[in-house]
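[1] Provided below for reference: sequence and predicted model.
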Amino acid sequence: MKTRGGFAASMTISSPKNSSRSLSANFAIPTAQCDAALQEFRLLGRVDEEHQGSEEVSAQSEDLDIRLKNSREAETRLTNILRVGTGKVSDVLEVENEITRVREEIERMESEQKRLNSRVAFASIDLDLTEEFRAETGMRSSLLGLRMRNAFIDGYHGAADGLLNALEITLSTGPSLFLWGLILFWPARWAWRRWQKSRAQSEARA
């Protein structure tokens, strides 16, 4: 838009995953270049919607000029009163406060006047563009490699967690199992020998 003397007042670009990219922007274009700029925008793709409107600001601008003129004259009169005045301190302070109030009004109106002049000199164009989305037919090799790497890392972490869990269970229950094994060993050994001895005697009688 620089070729048309305009500028982008705002711009937002969105690139969601697995969806179309989009752009929303507001351009300020010199009024004389508005039609040419619109024609260039139409060449960017298929136009789904287009709206045009105008705003009358001449009456508002004339009213603002009158109020601004009156406020400047009031400021001049107050300044003269302050310069010549020989009244009480309270009167001087009151005049100074009034001058401050009038000056603030003048600054606000001057700022509003600049905005109105800008709206007259420039046209505002809101543009919304959406790219046609094309889904990928296959998985990219980089994406495939990334998924395989993530799967390997997940498997490694799962195996490590399982080994740590088994070791934790062994360490927490091992001493108890060893103690019970030690307690039951001698009775079991005595019962086993007694059973073997009884069996041998039965075979000898046979």
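    Yep, that arrived.

[2] Any stretches of the chain with poor pLDDT?
    1-2, 53-58, 85-87, 118-121, 133-143, 206 (pLDDT under 70).

[3] Which parts of it are strands?
    Per DSSP state E, the chain has strands spanning 7-14, 22-30, 122-130. These are given in chain order.

[4] Packing partners of the shortest one?
    Applying 3 or more C-beta pairs under 8 Å, 6 or more residues apart in numbering; DSSP states H and E, one finds that strand 7-14 makes contact with strand 22-30. Using the backbone N, CA and C atoms, a C-beta is placed for each residue, glycine as well.

[5] and the spatially closest residue to R67 that is not a sequence neighbour, how many neighbours does it have?
    The spatially closest residue to R67, leaving aside those adjacent along the chain, is M109, at 6.2 Å (C-beta to C-beta, 6 or more residues apart in numbering). Neighbour count for M109, taken as other C-beta atoms under 10 Å: 17.

[6] And F27, by the same measure?
    Other residues near F27 number 21, with proximity taken as other C-beta under 10 Å.

[7] Tell me the bridge partners for it.
    The partner list for F27 in beta bridges (DSSP bridges) reads A8, I125.

[8] picking that back up, the residue nearest to R67: what's it in contact with?
    For M109, the set of contacting residues under the criterion of C-beta atoms under 8 Å, 6 or more residues apart in numbering consists of 64, 67-68, 71.

[9] one step back: which one of the strands of the chain lies closest to V47?
    With C-beta to C-beta, the closest approach to V47 among the strands of the chain belongs to strand 122-130: 10.6 Å.

[10] got the contact list for that closest one?
    Contacting residues not belonging to strand 122-130 are listed as 6, 9, 20-31, 34, 37-38, 41, 44-45 [C-beta under 8 Å, 6+ apart].
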